[in-house]
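**Q** predicted structure and sequence below. I'll ask about it afterward.
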Amino acid sequence: MGKRKYRDISGATFGLLTAINVVGKDKTGKTILLCKCVCGNTTIATMLNLTSGNTKSCGCLKHRTGQDNPMYK
């Protein structure tokens, strides 16, 4: 079996995160990306979690409330 190719989503935005580059694969074979949050922090997330919407920030989003939260409606 050959190597699986991944979609290059560098530069794409998911919630508050922008994908920077691929850093590897986790133990289950999911692609891991380095991401930059709008707050300035960097974090890693799987491509699956980013594209499905399960991961939206570096963790800063859960500490913001009301109009301070960019997801506020």
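**A** The structure has been received and is ready for your questions. Computed from a predicted model, the values in this text were never measured in an experiment.
**Q** what segments of this protein are strands?
**A** 13-14, 17-25, 31-37, 42-46 (DSSP state E).
**Q** who's in contact with the residue lying closest to residue 41 once chain neighbours are set aside?
**A** Nearest residue to residue 41, sequence neighbours excluded (CB to CB, 6 or more residues apart in numbering): residue 58, at 4.3 Å. No exception for glycine: its C-beta is placed from N, CA and C like everyone else's. The neighbourhood of residue 58, defined by CB atoms under 8 Å, 6 or more residues apart in numbering, consists of 16, 17, 35, 37, 39, 41, 42, 43.
**Q** returning to that earlier point: tabulate the strands of the chain (TSV), appending mean neighbour count.
**A** Formatted as TSV, the strands of the chain follow (neighbours: other CB atoms under 10 Å):
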stretch	mean neighbour count
strand 13-14	17
strand 17-25	15
strand 31-37	19
strand 42-46	16
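**Q** these: which one's closest to residue 53?
**A** With CB to CB, the closest approach to residue 53 among these belongs to strand 13-14: 7.3 Å.
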